[in-house]
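In: Quick one: sequence and predicted model below, then my questions.
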Amino acid sequence: MASVEVGKSFRGITTAPDVSFALASWEQHLSWRIGNHVGSDHLPIVIEIAGGKPAKSPRRKATYKKADWDLFHQSLDEALQDWDISPPTTATRANAFLSAAILKAAKKAIPKGSRKTQCAWWSSEVEDAVILRRQAQEALKADPDDDMKATAYQEAAAAAQTTTNDAKTKLWREFISDSHGNLTPAEVWAVIRTIDGRSPASAPSSVITSDDGKVAASNSAKAKLFCQEYATVSRLTKDKVADADIKREARSALSSPCSCTAANDKDSPCSDFTSGELERALFRLPARSAAGPEGGF
């Protein structure tokens, strides 16, 4: 099913057609209409779907930090005034009476819900600009054909965006000036994500587990675990006799001191490399190599 409609702006100008596609079985459940503008000649298209169950509102949690405990005690005492006059005759009635009194006092004294954590760049200037924009938008919704209100909303929206951008710029400059250049890439990107309003990047898992349940947290333990896993799946032929000789020789070379007799001998492992050897090694490096810690390539 395709619905083709030609709308008009609030100034009476014919706009381009809007084409909405849906399955034929959904046609009887859909309705199409042009909504009111919000400060622009581009009118919104509203497609409504009939039927289904209404969405349940999220359950709000009590905010005990903002509770008025004096009011809670006062309300609870007032609700329990009749307890001594006509006490409950059974435990069930006593429980119901006391629970109702506590819930009634909590409803008066303990607020529910929590405000979303404000952005680091949020300020009183930004809040005032956002309030003015919201007021202009509500006035435009009440009278969508008023050009003056449409212009006022556009100006309020532009002012709020400018104020927000200025607040973000100020926060970034303060962060850079206070850091004195001692920043890691992770810290820089964390602040950028905060300014953009994005959620922080999820940290990678610091623990890995093998198939047989072995857990490794440090880098060395992860390396050993990887080698063990690779050894179990490797298809390379193993020569235990030859490997034992190589391992023994490697351990001896690492544990024993240098046995060179002539340090100036060119064939000696401990001899200094010459300038020619260094130049030949540099020329063999790939192009556009980055400099090392000591300035060499």
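Out: Done, it's in.
In: Might you report the residue contacts of Lys214?
Out: By Cβ atoms under 8 Å, 6 or more residues apart in numbering, the contact set of Lys214 is Leu225, Gln228. Bear in mind the C-beta positions are built from the backbone N, C-alpha and C, glycine included.
In: 10 Å - rerun?
Out: Ile208, Ala221, Lys224, Leu225, Gln228, Glu229 (Cβ atoms under 10 Å, 6 or more residues apart in numbering).
In: Go through stretch 26-33 and flag the buried ones.
Out: Buried residues in stretch 26-33, counted by 16 or more other Cβ atoms under 10 Å: none are found.
In: should've said stretch 169-184
Out: Leu171, Phe175.
In: Looks like Ile110 contacts Leu71 (just checking).
Out: Yes: applying Cβ atoms under 10 Å as the test, Ile110 and Leu71 come out as touching, 9.2 Å apart.
In: And those two? Which one has more around it.
Out: Ile110 (17 against 13; other Cβ atoms under 10 Å).
In: per-residue pLDDT, the more buried one?
Out: Ile110 is assigned 86 on the pLDDT scale.
In: Then Cys270?
Out: In this model, Cys270 carries a pLDDT of 64.
In: Report the buried residues of the helix or strand where His73 lies.
Out: Assigned by DSSP states H and E, His73 falls within helix 69-79. Of the residues in helix 69-79, those buried by neighbour count under the rule 16+ other Cβ under 10 Å are Phe72, Ser75, Leu76, Ala79.
In: need these in CSV with pLDDT and distance to Cys119, can you?
Out: Converted to CSV, these look like this (pLDDT from 0 to 100; distance: Cβ to Cβ, whole Å):
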residue, pLDDT, distance to Cys119
Phe72, 89, 33
Ser75, 89, 36
Leu76, 88, 39
Ala79, 85, 41
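In: from the residues you listed, which single one is nearest Ser123?
Out: Phe72 (33.9 Å; Cβ to Cβ).
In: Gly35 versus the residue nearest to that closest one when sequence neighbours are not counted, what's the distance?
Out: Among residues not flanking Phe72 along the chain, Ala109 sits closest, at 3.7 Å (Cβ to Cβ, 6 or more residues apart in numbering). For Ala109, the distance to Gly35 (Cβ to Cβ, to the nearest Å) stands at 42 Å.
In: What of Lys112?
Out: 32 Å.
In: so where do the helices sit in the stretch 1-150 of the chain?
Out: 69-79, 82-85, 91-109, 124-142, 147-179 (DSSP state H, counting those that start in this stretch).
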